[in-house]
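# only geometry, no sequence info:
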């Protein structure tokens, strides 16, 4: 700040002039910090091929209730979903996977067959597990189709 005293006749004029130097700016400029969340690895619903064009009386298989849960402390996940098929009224549905395997849910015969499958992004394989008489069997699922009778 520069102050000047001017004497004019018997008047005293006190004049102050404020000079701002832009090079001495004391304000800080804040740049926004952009952080991106790392993307979780997960299994896709479409990793299981649905349908078999060679199957007689084929009915649609649908994906249902797809859910992903992160494995704590990692970028890996566990995905679960249902595969389901429903036969026309008065018919029974039968599911087959990997061209020869059948789930225990096919018995007793029902109009709708629903199985739950699970996939860990660690190995990226959808698996079906069934327990019978205290023994659990797990099968990797790559395809599924349904027929009605």
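Sure, I can see it. Predicted, not measured: the structure shown is a model, and the values here were computed from it.
# low pLDDT regions in this protein?
1-30, 53-55 (pLDDT under 70).
# so which strand or helix has the residue nearest the centre of it?
The chain has residue 68 as the residue nearest its centroid, 5.8 Å off, counting by Cα atoms, centre = their mean. Assigned by DSSP states H and E, residue 68 belongs to strand 62-70.
# continuing past that strand, what's the next helix or strand?
Downstream of strand 62-70, the first helix or strand assigned by DSSP H and E is strand 77-86.
# Neighbouring strands - and their directions - for that following strand?
strand 62-70 (antiparallel), strand 112-120 (antiparallel) (DSSP bridges).
# For the last one, what is the distance to the chain centroid?
So that's strand 112-120. Per Cα atoms, centre = their mean, to the nearest Å, the displacement of strand 112-120 from the mean C-alpha position of its chain is 17 Å.
# What is the helix or strand just after it packed up against?
Counting by DSSP H and E, the next helix or strand C-terminal to strand 112-120 is strand 125-132. On a contact count with 3 or more Cβ pairs under 8 Å, 6 or more residues apart in numbering; DSSP states H and E, strand 125-132 meets strand 112-120, strand 135-140. To be clear about C-beta, it is placed using only N, CA and C from the backbone, and glycine gets the same treatment.
# With that, I have no additional questions.
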